[in-house]
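Trainee: Kindly generate the corresponding structure for this input.
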Amino acid sequence: MREKCSAGVVCVLTALLAVLLTGCTQPAAGGESGDGPRATGPVAPPSATRPSGFGAVFLGVDECSSFGKASFTEVPCTSERAAARVVARHDGTTADGPPCPPTTDFVLHISEQSRISDEDGDGAVPQGYACMRNLEPPHPGDPGGGGGPRTIVGDCVYGSGDGQVRETACDGAGARKPQYQVVKAVAERTQCPLSTALYVQLGGARPVGCARPL
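Mentor: Numbering: from 1, shown residues only. Next comes the predicted model:
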């Protein structure tokens, strides 16, 4: 009797298991059998998981980069690795594109072969350049700061030979002492003050810098 009871219990358990399995594979209401599992919520599009930077564009405006100008990555601006913020972003090269804002500290050139951050899943970032502003001082792009990609009003320069001039810090903290300071930007040389001793090429709408000796 014990053996028959055991066999009966096994049979009952087997039958219950079959019922449970059958219930798990019943089609949902309104569906057809053989359709397979159905999703019960919205499915994220493939683009939601594609590799990308912290924004839609690699190093877009107001995003931040790590330290370094030759080797760098995009990082959250709240990260301890963040060093500078993007103030302008353009495609192409600096020779063909718009100039950076006047107080830009430095420019990051972005190679189109870079695969560090992919914008659209194709494994490449278009060539471009980002105009950067340091998160903390010093700011060489400020007037008199002695650096930056552009010479602006307030900057100081020294003669480097062959009719060329280079920027240096107005406070004398640079490797070379300042000889002239740009005091005005005008469209033509004739608009410079009489005290002008040197004309400096600035570019932009007012490309002539009027510099006086220090």
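Trainee: From the opening residue of stretch 204-214 to its closing one, how far?
Mentor: Chord length of stretch 204-214, first to last residue, is 25 Å (CA to CA, to the nearest Å).
Trainee: repeat for stretch 197-212
Mentor: For stretch 197-212, the first-to-last residue distance is 5 Å (CA to CA).
Trainee: Check which helices and strands the lengthiest strand in the chain sits against.
Mentor: Longest strand in the chain by number of residues, with DSSP state E as the criterion: strand 82-91. With contacts defined as 3 or more CB pairs under 8 Å, 6 or more residues apart in numbering; DSSP states H and E, strand 82-91 has these neighbours: strand 64-66, strand 128-134. Bear in mind the C-beta positions are built from the backbone N, C-alpha and C, glycine included.
Trainee: among these, which is the most enclosed?
Mentor: For those, average neighbour numbers computed from mean count of other CB atoms under 10 Å are highest in strand 128-134, which has a mean of 22.
Trainee: Could you pull up the mean pLDDT of that one?
Mentor: Averaged across strand 128-134, pLDDT comes to 96.
Trainee: residues in contact with the helix or strand just after it?
Mentor: Following the chain from strand 128-134 toward its C-terminal end, the next helix or strand by DSSP states H and E is strand 156-161. For strand 156-161, contacts defined as CB atoms under 8 Å, 6 or more residues apart in numbering pick out 144, 146, 151, 165-170, 176-182, 198, 200, 211, 214.
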